[in-house]
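**Q** structural data only, the sequence is not supplied:
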């Protein structure tokens, strides 16, 4: 998954001169509450816009609400989170995405969803800068 993210970032860097960075397995800890840590699978930025990709291998025990609340804690809009779950069908991905308001992909749709997520944010930024 990190490889797919890096390929897309490389293209934005080469074609648009975008400033990009990527980190994997980022550990977040809340100092006030010991034991309250979260690991973010892949985080990246393009021109200062923060994105987060989380991978899950089973749909059986996923706490989808946890990711929505982490978005709030991190002050990341839900349209910059992509949850990847290899167990879900395309229809199930769309259902989870509709209910929780963040992007959900499976192995077949991850690249398409990453591309779409990034392109939408860059489009929004470009529109705001011309207003």
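**A** That came through fine. Because the structure is a prediction, the values reported are computed rather than measured.
**Q** residue 46 versus the nearest residue to residue 48 once chain neighbours are set aside, what's the distance?
**A** What sits nearest to residue 48 in space, not counting adjacent residues and going by C-beta to C-beta, 6 or more residues apart in numbering, is residue 19, at 7.1 Å. Every residue, glycine included, has its C-beta placed from N, CA and C. Between residue 19 and residue 46 the distance is 7 Å, computed by C-beta to C-beta, to the nearest Å.
**Q** ok, the two, which is more surrounded?
**A** Between residue 19 and residue 46, counted using other C-beta atoms under 10 Å, the more crowded position is residue 46 (21 against 13).
**Q** residues in contact with the more buried one?
**A** Neighbouring residues of residue 46 by C-beta atoms under 8 Å, 6 or more residues apart in numbering: 9, 12, 18, 19, 20, 118, 121, 122.
**Q** other SSEs contacting the helix or strand in which the last one is found?
**A** Pointing back at residue 122 there. Assigned by DSSP states H and E, residue 122 belongs to helix 110-130. Judged by 3 or more C-beta pairs under 8 Å, 6 or more residues apart in numbering; DSSP states H and E, the packing partners of helix 110-130 are helix 2-16, strand 37-46, strand 49-56, strand 81-85, strand 103-105.
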